[in-house]
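1. Pasting a predicted model and its sequence here:
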Amino acid sequence: MTSKYQWNNIFLTLIAIVLFIFPFVADSRTWTILLTQIFIFSILAMSYDILLGYTGIVSFGHAMFFGMGAYTTAVMLDRMEPTIGVFVLSIATGMLLAGAVSFIVGLMTLRLKSHFFAMLTLAVSGLFLVLAEKWRTLTSGNDGFTFRAPEFFKDRMVFYLVTLVCLVVVYLLLRRFVQSPMGHVLVAVRENEQRTKSLGFKTLHYKVIASVVAGVVASLAGSLYAVSLRFVNTSVLTMDITLDALLMTIIGGVGTLIGPIIGAGVIELSQHYLSGLAKEYPIFERWIIFFGIVYILAVIFFPSGIVGTVRQALHKRKKPAVLEKSSSGTEGL
Amino acid sequence: MTTILRTENLTIRFGGHTAVDHVNFEMPEKHFKSIIGPNGAGKTTFFNLISGELKPSEGKVYFKNEDMSRFSSVDRTRKGLGRSFQITNVFPNLTVLENVRLAVQSKEKIRYQMFRHITSYPSLIKKAEELLEVVLLLNKKQAIASQLSHGEKRKLEIAMLLALDTEVLLLDEPTAGMSLEEVPTILEVIRRIKQQDNKTILLIEHKMDMILDLSDSIMVLFNGTLLADGTPEEIMQNETVQNAYLGGSYNEHHAQS
């Protein structure tokens, strides 16, 4: 198992190195922007995986934390001055805000059964959307506003590298989190909440902590997203963002952390290419239709997503019919 | 001997039906008591009331002379009231070792650590393996729990309960649904726990030979009420018990198995 784990690490390190070198060798603005977008959504999707994949919580309101980060950074850079210091401060403020809100919302709602919780998160995130629409003095409502990003980020390559570093750091931190004793309790909650309680764990605490961690990470993704566009409007708080995160996590593979990154890559790339095809085939203007179909097929035929399906296939090939050595539920954490 | 667990007029009603009806019982420390009674007599409900899964309509549960009313099931487990379930209740997609390790983790109070890798706690794994040895399941430690046979799952359940190291063990039909071949091993496991660990054990069972073999005392529930409580000999000779349970259902039960 150790060697498999090490191979995994070597493989991931290689990919990270290639991605670090990429902007220095390939001088493509389109690709730099596209990959930056993928990194940002990977962070968001990983945060969603902590909820869905590891703790078994379905939230329809994850966009509110993403939006909180985006608005905090945008407003602070706009109202204060566009410097790195303010940018870092805005990320910290966004995280703090998202952490506090997810803590309060979690404490109030996570006692409920999963579907009631899902509906309530939808309602709360709806509230934040309305708030952003109506609080025009701060947010300029639906129209949104542009702002100046720090001088340092003028070069797209620098921002690419910053988001990549953020992605790697978030991945490593979240991986440590899910592999910790606490992460294992989260998996236990997902598997059988009542049993986890009977073992003496206060499951509400764990669900709230998972929700805070997910909220804080989503807020970071939102901050980066706002800076990447140098613009923010209420679209960062809409259901579309939550659905994107959900889709990326499910297509990549829930409960795998690396899956959501792959999912984000697949979805962003397909979105890019499919919209590109729209010039010749107008049907592709509605590329979301294809996603609907892909999503349905994925859920029916590959419920464990890309990473889950690959892992199962590798496993079957290695140990046919040896049930005793089956992979563990948390081994792939 | 000091009383470790007792109930006072413990009652629960579901609508018009009284499932447990003013039950008073006492359990001395390190005692082995079995609960018998026909199906629907309220045995599991009685367990649920003790372990805090259900709130009584009336009456109280005392553990070490402390009123348990305000404590949730989680708090009661932490205080020392551990239970196993009649319906197998493990973590289906985790390995056998991981199942037990989680229970050990709870006992060792390694609950909220989030920055150290789980493998940096070798004592957890060592303890979990020791417990799997006790329940004769060490050779299956890497198996996924859902792939175990029913009997093995019951053993896993007991290992998880032992991991919590609670003073009182509430065992809810540990042999339920087991094949006849599997019963002796579980009997062996329970006997081993009784002899080695010196625990207070409350057992719900239907298999009379097993009960007579293990118990210091037996209590009989019938329609939610406590029909009798005494040594195995007293219970076997009790006429009311004979009529209510051992006469009808017991023979029927044996005829079926």
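-> Yes, it's here.
2. And the closest residue to chain A within the stretch 151-257 of chain B, what's its pLDDT?
-> Nearest residue of the stretch 151-257 of chain B to chain A (CB to the nearest CB) works out as B:L164 at 6.5 Å. From N, CA and C alone the C-beta is placed, and that goes for glycine too. Note on B:L164: pLDDT of 85.
3. and what of the one 5 residues further on?
-> Predicted confidence (pLDDT) for B:L169: 89.
4. Now for it: which residues touch it?
-> Taking CB atoms under 8 Å, 6 or more residues apart in numbering or on different chains as the criterion, B:L169 is in contact with B:82-84, B:161-162, B:193, B:199-202.
5. is it in a bridge, and if so with what?
-> Counting by DSSP bridges, B:L169 is bridged to B:G82, B:I201.
6. about what we covered before: which non-adjacent residue is nearest the residue of the stretch 151-257 of chain B closest to chain A?
-> Spatially, and ignoring its direct neighbours in sequence, B:L164 is nearest to B:G82 (4.5 Å; CB to CB, 6 or more residues apart in numbering or on different chains).
7. try B:V61
-> Closest to B:V61 by CB to CB, 6+ apart is B:M68, at 4.5 Å.
8. For that neighbour, grab the count of nearby residues.
-> B:M68 has 23 neighbours, counted by other CB atoms under 10 Å in any protein chain shown.
9. measure B:A244 to B:I36 for me?
-> Remark: distance between B:A244 and B:I36 (CB to CB, to the nearest Å) = 10 Å.
10. Find the residues that touch each one of those two.
-> Jointly contacting B:A244 and B:I36 under the rule CB under 8 Å, 6+ apart are B:V220.
11. of those two, who's got more company?
-> Comparing B:A244 with B:I36 by other CB under 10 Å, the one with more neighbours is B:I36, at 27 against 21.
12. State the phi and psi torsions of that one.
-> Here is the backbone geometry of B:I36 (degrees, to the nearest 10): phi -120, psi 170.
13. For A:H62, give me its contacts.
-> A:44, A:47-48, A:51, A:121, A:125, A:214, A:218, A:241-242, A:245-246.
14. And it, how far from A:F128?
-> Distance check for A:H62 against A:F128: by CB to CB, it reads 11 Å.
15. on that earlier part again, pick the one among the contacts of B:L169 closest to B:H31.
-> B:T200 (5.7 Å; CB to CB).
16. Now the closest one: closest residue in space, sequence neighbours ignored.
-> Residue nearest to B:T200 in three dimensions, not counting chain neighbours: B:V168, with 4.6 Å by CB to CB, 6+ apart.
17. swap in A:G259?
-> Residue nearest to A:G259 in three dimensions, not counting chain neighbours: A:G253, with 2.9 Å by CB to CB, 6+ apart.
18. A:Q312 is in contact with that neighbour, correct?
-> No: with contact defined as CB atoms under 8 Å, A:G253 does not reach A:Q312; the gap is 10.1 Å.
19. neighbour-wise, which of these two wins?
-> Taking neighbours as other CB under 10 Å, A:G253 and A:Q312 compare with A:G253 leading, 26 against 13.
20. and the residue positioned nearest the centre of chain B, which of the three is it?
-> Centroid-nearest residue in chain B: B:L171, 1.4 Å away (criterion: CA atoms, centre = their mean). Counting by DSSP: H, G, I helix; E, B strand; the rest coil, the backbone at B:L171 sits in strand.
21. Same question for the one 3 residues further on.
-> At B:P174 the chain is in coil, as set by three-state DSSP.
22. Pop out the phi and psi values for it.
-> B:P174 has phi and psi values of phi -60, psi -20 when expressed as degrees, to the nearest 10.
23. Next: B:Q86.
-> According to degrees, to the nearest 10, B:Q86 has phi -70, psi -40.
24. Report how many residues lie close to it.
-> 17.
25. can you tell me which residues contact it?
-> Per CB under 8 Å, 6+ apart, neighbours of B:Q86: B:44, B:172-173, B:176, B:204.
26. 10 Å - rerun?
-> By CB atoms under 10 Å, 6 or more residues apart in numbering or on different chains, B:Q86 lies in contact with B:43-44, B:47, B:157, B:171-174, B:176-177, B:204.
27. what do you get for A:L12?
-> Contact analysis of A:L12 by CB under 10 Å, 6+ apart lists A:168, A:171-172, A:175, A:258, A:261.
28. redo that, cut-off 8 Å
-> A:L12 makes contacts with A:I258, as judged by CB under 8 Å, 6+ apart.
29. got any ranges where the stretch 101-250 of chain A has weak pLDDT?
-> Counting by pLDDT under 70, the stretch 101-250 of chain A contains no low-confidence range.
30. Up against chain B, what does it have?
-> A:176-177, A:179-185, A:187-188, A:191-192, A:194-202, A:205, A:209 (CB under 8 Å from any CB of the partner chain).
31. In strands, which of these appear?
-> Among these, DSSP state E puts none in strands.
32. taking those one by one, which sit in helices?
-> Cross-referencing those against helices under DSSP state H gives A:176-177, A:179, A:181-185, A:187-188, A:191, A:194-198, A:205, A:209.
33. Now a PyMOL select for only the buried ones of those residues.
-> Buried residues among those (16 or more other CB atoms under 10 Å in any protein chain shown), as a PyMOL selection:
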select buried, chain A and resi 177+179+181+182+183+184+185+187+188+191+195+196+197+198+205+209
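34. what's next to stretch A:258-268, contact-wise?
-> By CB under 8 Å, 6+ apart, the list of residues contacting stretch A:258-268 reads A:12, A:34, A:37-38, A:41-42, A:44-46, A:48-49, A:53, A:167, A:171, A:244-245, A:247-253, A:291, A:305-308.
35. which SS state does B:N89 fall under?
-> Classification of B:N89 using three-state DSSP returns coil.
36. residue ranges of the strands in the stretch 101-250 of chain A, please?
-> Remark: strands assigned in the stretch 101-250 of chain A by DSSP state E, counting those that start in this stretch are A:145-146, A:231-232.
37. Can you show me the helices along chain B?
-> All helices of chain B, identified by DSSP H, fall at B:43-51, B:73-79, B:96-107, B:122-134, B:150-163, B:183-197, B:208-214, B:232-237, B:239-241, B:251-256.
38. packing partners for the shortest one?
-> Under the contact definition 3 or more CB pairs under 8 Å, 6 or more residues apart in numbering or on different chains; DSSP states H and E, helix B:239-241 sits against strand B:225-230.
39. in the strand it packs on, what counts as buried?
-> Those would be B:225-229, for strand B:225-230 by 16+ other CB under 10 Å.
40. swap in stretch B:169-184?
-> For stretch B:169-184, by 16+ other CB under 10 Å, it's B:169-176, B:178, B:182-183.
41. do the same with stretch A:156-169
-> The neighbour-count check on stretch A:156-169 (16+ other CB under 10 Å) flags A:159-164, A:166-168 as buried.
42. ditto for stretch A:263-279
-> Residues A:263-268, A:271-272, A:274 are the ones in stretch A:263-279 that count as buried (16+ other CB under 10 Å).
43. Reformat the buried residues of strand B:225-230 as JSON lines; add distance to B:E133.
-> Listed next are these as JSON lines, based on distance: CB to CB, whole Å:
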{"residue": "B:T225", "distance to B:E133": "41"}
{"residue": "B:L226", "distance to B:E133": "38"}
{"residue": "B:L227", "distance to B:E133": "39"}
{"residue": "B:A228", "distance to B:E133": "38"}
{"residue": "B:D229", "distance to B:E133": "35"}
